[in-house]
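Q: structure for this input, please:
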Amino acid sequence: MNILILIIILIVIIAILAISNSGTKHSSKTHDPQKAEDTQPLRNAVEQGDTDAQKAALQAALQQVAQENAETLQRLRNAAEQGDAKAQNDLGIALERRKNAAEAVQWFRKAAEQGNTEGQFNLAVALDMENKDAEAVSWYRKAAKQGHAGAQHNLGYMLFNGQGVSKDMIEAVKWLREAAKQGDADAAHTVERACCLKPDSKPEDVARVRTMAELGDAQAQFHLGQALWFGCGVEENKAEATHWFRKAAQGGEQGQSWVTESQYNLGMAFFDGVGMLEDKAEAARWWRKAAEQGHSSAQNSLANSLATGDGIAKNPVEAVRWYRRAAEQGHPNAQNWLAYALANGEGTTKNIEEAVQWWRKAAAQGDEDAKDALRKKGIRF
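A: Next comes the predicted model:
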């Protein structure tokens, strides 16, 4: 029991230190040597296992917590009344913890009206809890625009469900994506459910994603295209798949993985004449779009077209540049072809030693052409 009391005292003292340093712009109180001397006999008694001393220490600690809480609250109130937005928000939090919600909301509002992001979010949450949805949405939106992940998530949720605002799944997903970028796993999961499909997706999953695709979401358009291309949860239809790939490739935000993947897929469809008429020039055009955004397979495919002049003017020098960019991202086929160009001096200065390095890299990833090239040169890999 004595040990338990000591542990409680320690926890309370730590709490005192934490409280005295939180919630204001001011530094903690300075150490008072006289107070330390006054309490030393009590500390000695506690260390010697004196139960009465332990109880006295606990009571003193609790009294000090109450005093420190009151002092901290007063410092917050003083700063808040002088117009400090952060103090106003912190005071609101302190009052909310003391079950004084009405006054807490007043201070959250004051902080929010000064542009304090946390104040805007806390005010929105309070309004949300009071079912004042429309006003909550307004403040969530203000905080979301300032980058508050929680506000972005909650705004997305309310837009998704039409709570306090007209239902808008596209804008909802936009804000949920912003929250997901900041590490919000719940937001990322919601976006995935709304816009993504898996190999074992069911027809109802496809129907949900189709709704998002028809509303113009590029990620959903890409995933719907993939489902139609491979027949996942829906009958295979490559012509319709390319329709959705084109939508995503043209309308999505450049640099997003689903946009560049759609551009690459569209290039492959044009090159092979699958789901549309064959057009190798158009294939090269789409590959270039994706390649310029860092898509390694598109870089490799564009390089192949430039190396052979298939659908585009032959340009070995540019082909080597794209092979190298894809190779540096670890693309094994590009590594093999870059090695080939270096070994034969095609589009670049001949360099057998570097060629072997790239063949080794490609062979290590299982590229059979690279393995054959090394065998022919009697090089182990």
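
Q: do I have it right that Val356 meets Leu374?
A: Yes. Between Val356 and Leu374 there is a contact under C-beta atoms under 8 Å: 7.3 Å. Placement of C-beta: from N, CA and C, glycine included.

Q: look up the closest residue to Lys110, ignoring the ones flanking it.
A: Leaving aside its sequence neighbours, Lys110 sits nearest to Gln88 (C-beta to C-beta, 6 or more residues apart in numbering; 4.7 Å).

Q: and the one you found, which helix or strand is it part of?
A: Under the criterion of DSSP states H and E, Gln88 resides in helix 85-97.

Q: follow-up on the earlier one: Provide a list of residues in contact with the residue nearest to Lys110.
A: Listed by C-beta atoms under 8 Å, 6 or more residues apart in numbering, the contact partners of Gln88 are Ala80, Trp107, Phe108, Lys110, Ala111, Gln114, Asn116, Gly119.

Q: any weak-confidence spans in the stretch 1-150 of the chain?
A: For the stretch 1-150 of the chain, the stretches with pLDDT under 70 are 1-69.

Q: ranges for the helices of it?
A: Ranges of helices in the stretch 1-150 of the chain, per DSSP state H, counting those that start in this stretch, are 2-20, 33-47, 51-81, 85-97, 101-113, 117-129, 133-145, 149-161.

Q: how near is the residue nearest to Trp139 when sequence neighbours are not counted to His153?
A: Nearest non-adjacent residue to Trp139, counting by C-beta to C-beta, 6+ apart: Ala124, 3.7 Å away. Using C-beta to C-beta, to the nearest Å, we find Ala124 at a distance of 11 Å from His153.

Q: repeat for Phe121
A: 10 Å.

Q: please identify which of those two sits among more neighbours.
A: The residue with more neighbours, out of Phe121 and His153, is Phe121; 25 against 22, by other C-beta atoms under 10 Å.

Q: which residues touch the more buried one?
A: Applying C-beta under 8 Å, 6+ apart, the residues contacting Phe121 are Trp139, Tyr140, Ala143, His148, Gly150, Ala151.

Q: circling back to that earlier point, give me the buried entries from the contacts of Gln88.
A: Buried members of the contacts of Gln88, counted by 16 or more other C-beta atoms under 10 Å: Ala80, Trp107, Phe108, Lys110, Ala111, Asn116, Gly119.

Q: redo those as JSON lines? Include distance to Glu278.
A: JSON lines is the format used below for the buried ones among the contacts of Gln88 (distance: C-beta to C-beta, whole Å):
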{"residue": "Ala80", "distance to Glu278": "70"}
{"residue": "Trp107", "distance to Glu278": "67"}
{"residue": "Phe108", "distance to Glu278": "62"}
{"residue": "Lys110", "distance to Glu278": "66"}
{"residue": "Ala111", "distance to Glu278": "62"}
{"residue": "Asn116", "distance to Glu278": "59"}
{"residue": "Gly119", "distance to Glu278": "60"}
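
Q: nearest to Leu342 among the residues you listed?
A: Using C-beta to C-beta, Asn116 comes nearest to Leu342 of the buried ones among the contacts of Gln88, at 59.0 Å.

Q: which one is the closest one nearest to, not counting chain neighbours?
A: Nearest non-adjacent residue to Asn116, counting by C-beta to C-beta, 6+ apart: Ala85, 4.0 Å away.

Q: ok, the one you found touching Gln120?
A: No. Contact between Ala85 and Gln120 fails when scored by C-beta under 8 Å: they sit 10.2 Å apart.

Q: common neighbours of these two, please.
A: Ala111.

Q: out of the two, which sits in the busier spot?
A: Legend: neighbour count by other C-beta under 10 Å for Ala85 and Gln120, higher for Gln120 (28 against 20).

Q: that one touches Gly147, doesn't it?
A: No. With contact defined as C-beta under 8 Å, Gln120 and Gly147 do not form a contacting pair (11.4 Å).

Q: what segments of the stretch 151-300 of the chain are helices?
A: Ranges of helices in the stretch 151-300 of the chain, per DSSP H, counting those that start in this stretch, are 169-181, 185-195, 203-214, 218-230, 238-251, 257-272, 280-292, 296-308.

Q: would you list those helices in TSV and tack on distance to Asn131 and mean pLDDT?
A: Formatted as TSV, the helices of the stretch 151-300 of the chain follow (distance: least, C-beta to C-beta, whole Å; pLDDT from 0 to 100):
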stretch	distance to Asn131	mean pLDDT
helix 169-181	20	91
helix 185-195	22	87
helix 203-214	28	91
helix 218-230	31	93
helix 238-251	37	95
helix 257-272	37	95
helix 280-292	47	97
helix 296-308	50	97
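
Q: could you say which of these is packed most deeply?
A: Of all these, helix 218-230 has the most neighbours on average by mean count of other C-beta atoms under 10 Å, namely a mean of 26.

Q: and the angle from that helix to helix 169-181?
A: Angle, helix 218-230 to helix 169-181, by axes from the mean of the first three to the mean of the last three C-alpha atoms, to 10 degrees: 100 degrees.

Q: okay, helix 218-230 in CSV with CA atoms only?
A: Extracted C-alpha coordinates of helix 218-230, given in CSV (Å, rounded to 0.1, in the frame of the first residue of the first chain):
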residue,chain,number,x,y,z
ALA,A,218,-10.5,10.5,-61.9
GLN,A,219,-9.4,7.8,-59.4
ALA,A,220,-12.8,6.1,-59.7
GLN,A,221,-12.6,6.4,-63.5
PHE,A,222,-9.3,4.6,-63.5
HIS,A,223,-10.4,1.8,-61.2
LEU,A,224,-13.6,1.4,-63.2
GLY,A,225,-11.5,1.1,-66.4
GLN,A,226,-9.3,-1.5,-64.7
ALA,A,227,-12.3,-3.5,-63.6
LEU,A,228,-13.8,-3.5,-67.1
TRP,A,229,-10.4,-4.3,-68.7
PHE,A,230,-9.8,-7.4,-66.6
